[in-house]
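> give me a 3D structure for the following:
(one chain, ligands or ions: 1)
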Amino acid sequence: MDAAVDALAALLRGPVLRPGDAAYDVERATFNSAVTHRPAVLAGVADAADVSAVVAFAGARGLPVAVQSTGHGQALASADGVLVTTRRLRGVHVDPSAATAWIGAGERWGAVVAAAAEHGLAPLNGSAPHVGVVGYLLGGGISLLARSHGFAADRVRAIEVVTPDAVLRRVTATSEPDLYWALLGGRDNFGVVTRVEVELVPVTRLYGGGLYFDGATQGEAVLRAYRDWSAGLPEALTSSIAFFPAPDAPTVPEPLRGRLVAHVRVVHTGSAEEGERLVEPLRAIGPRLIDTVAEMPYAACASIFNEPAHPMPYDGETVLLSELTPRTLEAILDVTRPGGVPCIAEVRHLGGALARRGEAPNAIGLRDAAYLLGVLSPLRGPLTRDVVRPVHERLLTAAAPVTVGRSLPFMGPSGERAPGAGPEAGGETAADTAEEAVRSAYEAKDYARLRALKATYDPHNLFRHNHNIRPA
Ligand SMILES: Cc1cc2nc3c(=O)[nH]c(=O)nc-3n(C[C@H](O)[C@H](O)[C@H](O)COP(=O)(O)OP(=O)(O)OC[C@H]3O[C@@H](n4cnc5c(N)ncnc54)[C@H](O)[C@@H]3O)c2cc1C
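Sure thing, here's the model as predicted:
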């Protein structure tokens, strides 16, 4: 094997690393540092030819292949197989006349937002500028403009991908409709994407920001008001709410320090006057610790969620809901109450354009979901998975009667859970539900088609260190 790896290293422009190599730890690092890869071979690919060579190497030896860009959404730690890291596949090339961009698989959304803004355009990026472009798109991509513009994956025009047979293909909805359909939703089950072409939208400004309330004293009122308010909003307004314990640290804005915070995030693409009128019922709840909702350039959109950019170990789960029930709201208040296991609970308002299919079909389903519910906790010291998961399970169980499936873009390392399958719900044991958990992120007919296409494109399941879709 060593000689074969040396031969691979001689072929590649990017580095090939093994355990013990000085750069191995830096290259395998993840944003969620609770997922620790230990691949036998780590290939830091520099171009599409490198990717083909690595996939051919792995295929010849039956070694499982996993893909990582930023490590924000790793499903499984890669062990013993080959981990392809894409961070060297750079480049954002905007075509202003066509309102499109070709983006290298190693890019993050912040770079695309900046490049598009130079031409009065915007991509359908998510809340954090440090999330990788391709992982986000292959999971659907619930953007800041989700309710007005739909899934980001619906605006992918072309995908360059090295499939499990090591062939580089340019895939569009018309040139390879099956593979195009499967890649957008199938994540890395169908190969390593090297570049994508996306449509951009003519958005240069918005009325938005964050309303930060005191979660301990106003949390219940804010949460109930949010549910009633969000149910009647136009598609031009995309919003979410998160409850989080703000650390008592100098890096945190003074008004939030040491408090449970209820943070409503607002993005309105209509006029500032209309936005102000729409947000008024939330402001009427009472004083805000901080209120940043105002007219802003789209390029400043990362400030709306203002999520931490530094890696940390965490565990969590995200599901899709048909409605926000009183029981779910009570459970959010229960699990985020100060004094217990620290939990961040988040609700994102879906619907609007997300519910409609794009022009070119893809495997992103469950589009009728009205809300997304996420919960996560840091893993440190006594806060182990065994400690935090039962608390998360309380929330997931409360929401189980209205849970329609798992959220594809946010499927993280806890892939062995199926909705409602926790011990309180009388569900199966974790090991039994892994396949069920993946299945629950898709419509039944789409899942069956994905399995059939997996048998065509990856019959030996080379790409299996992921949320695996097993070949039919
Ligand atoms: C702080 C934070 C904020 C987020 N906000 C949003 C949001 O607003 N909206 C939303 O929809 N999602 C959001 N997500 C979820 C995010 O979209 C997923 O975690 C996504 O998978 C991250 O992709 P990545 O490339 O950065 O991560 P990685 O961990 O590097 O990749 C995740 C997965 O994507 C696939 N993948 C990545 N690159 C390739 C490639 N080149 N070829 C094939 N497969 C590949 C693989 O399956 C890989 O396991 C957020 C996540 C975090 C941590």
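> CA only for contacts and neighbour counts going forward, please
OK.
> which of the helices or strands spans the residue in the stretch 251-400 of the chain positioned nearest to the ligand?
Distance from the ligand to each residue of the stretch 251-400 of the chain (Cα to the nearest ligand atom) is smallest for residue 307, at 6.1 Å. Counting by DSSP states H and E, no helix or strand carries residue 307.
> shouldn't it be in contact with residue 126?
No. Look at residue 307 against residue 126 with Cα atoms under 8 Å: they stay out of range, at 11.2 Å.
> give me phi/psi at the residue of the stretch 251-400 of the chain closest to the ligand?
phi -80, psi 150 (degrees, to the nearest 10).
> more crowded one of residue 307 and residue 126?
Taking other Cα atoms under 10 Å, residue 307 and residue 126 do not tie; residue 126 has more neighbours (24 against 12).
> tell me which residues touch the more buried one, please.
Listed by Cα atoms under 8 Å, 6 or more residues apart in numbering, the contact partners of residue 126 are 109, 141, 142, 143, 144.
> again, 6 Å this time
143, 144 (Cα atoms under 6 Å, 6 or more residues apart in numbering).
> look at it and give its secondary structure.
Put simply, residue 126 is coil when judged by DSSP: H, G, I helix; E, B strand; the rest coil.
> my read: residue 298 touches residue 204, true?
Yes. The pair residue 298 / residue 204 is scored as a contact, 5.1 Å apart, by Cα atoms under 6 Å.
> who has more neighbours, these two?
Using other Cα under 10 Å as the criterion, residue 298 and residue 204 rank with residue 298 on top: 22 against 17.
> on that earlier part again, just the pLDDT for the residue of the stretch 251-400 of the chain closest to the ligand.
Residue 307 is assigned 93 on the pLDDT scale.
> quick check: phi and psi at residue 211.
phi -110, psi 120.
> how about it: what's its closest non-neighbour residue?
The spatially closest residue to residue 211, leaving aside those adjacent along the chain, is residue 291, at 4.6 Å (Cα to Cα, 6 or more residues apart in numbering).
> what do you get for residue 327?
The shortest distance from residue 327 to any non-neighbouring residue, by Cα to Cα, 6+ apart, is to residue 398 (6.0 Å).
> neighbours around residue 222, how many?
Neighbourhood size, residue 222 [other Cα under 10 Å]: 21.
> now do it against the ligand, distance only.
Distance from residue 222 to the ligand, counting by Cα to the nearest ligand atom, to the nearest Å: 22 Å.
> for that residue, which three-state class applies?
Per three-state DSSP, the secondary structure class of residue 222 is helix.
> quickly note the distance from it to residue 290.
Residue 222 sits 14 Å away from residue 290, going by Cα to Cα, to the nearest Å.
> buried sites along the host helix or strand of residue 386?
Applying DSSP H and E as the criterion places residue 386 in helix 385-399. Judged by neighbour count using 16 or more other Cα atoms under 10 Å, the buried positions of helix 385-399 are 385, 388, 389, 391, 392, 393, 394, 395, 396, 397, 398, 399.
> can you tell me which of the residues you listed is nearest residue 104?
Closest approach to residue 104 among these (Cα to Cα): residue 385, at 34.7 Å.
> the residue of the stretch 251-400 of the chain closest to the ligand: what's it in contact with?
Under the criterion of Cα under 6 Å, 6+ apart, residue 307 has no neighbours.
> cool, and residue 263?
211, 212, 241, 242.
> and it, helix, strand or coil?
Secondary structure, three-state DSSP: residue 263 is strand.
> could you find the closest non-adjacent residue to it?
Nearest residue to residue 263, sequence neighbours excluded (Cα to Cα, 6+ apart): residue 212, at 4.5 Å.
> which residues does that neighbour bridge with?
On the basis of DSSP bridges, residue 212 is bridged to residue 263, residue 290.
> so which bits of the protein are right by the ligand?
Neighbours of the ligand within the chain, by Cα under 6 Å from any ligand atom: 67-75, 105, 126-128, 131-136, 141-143, 187-188, 191-194, 409-410, 466.
> which parts of the stretch 1-150 of the chain are helices?
For the stretch 1-150 of the chain, applying DSSP state H, counting those that start in this stretch gives helices covering 2-11, 24-28, 48-61, 109-117, 133-138, 146-149.
> list of residues touching stretch 150-158?
Looking at what lies outside stretch 150-158 - Cα under 6 Å, 6+ apart - the contacts are 124, 137, 140-142, 171-172, 196-199, 353-354, 358.
> ok, stretch 172-187 next?
Residues contacting stretch 172-187 (Cα under 6 Å, 6+ apart): 138, 139, 158, 171, 362, 363, 364.
> of those, which belong to strands?
158, 171 (DSSP state E).
> could you single out the nearest of the contacts of stretch 172-187 to residue 165?
Checking the contacts of stretch 172-187 against residue 165 with Cα to Cα, the nearest one is residue 171 at 14.9 Å.
> output stretch 452-470 as CSV, restricted to C-alpha atoms.
In CSV, the C-alpha atoms belonging to stretch 452-470 read as follows (Å, rounded to 0.1, in the frame of the first residue of the first chain):
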residue,chain,number,x,y,z
ALA,A,452,-31.6,2.8,-8.1
LEU,A,453,-29.2,5.5,-9.4
LYS,A,454,-26.7,4.7,-6.8
ALA,A,455,-26.6,1.1,-8.1
THR,A,456,-25.9,2.6,-11.6
TYR,A,457,-23.3,5.1,-10.7
ASP,A,458,-21.7,3.6,-7.6
PRO,A,459,-22.6,-0.1,-7.5
HIS,A,460,-19.9,-1.0,-5.0
ASN,A,461,-20.8,1.9,-2.7
LEU,A,462,-17.3,3.4,-2.9
PHE,A,463,-18.8,6.7,-1.6
ARG,A,464,-20.1,5.3,1.7
HIS,A,465,-18.5,7.4,4.4
ASN,A,466,-21.5,9.7,4.3
HIS,A,467,-25.2,9.8,4.9
ASN,A,468,-25.2,6.7,2.8
ILE,A,469,-27.7,5.8,0.1
ARG,A,470,-27.2,2.1,-0.4
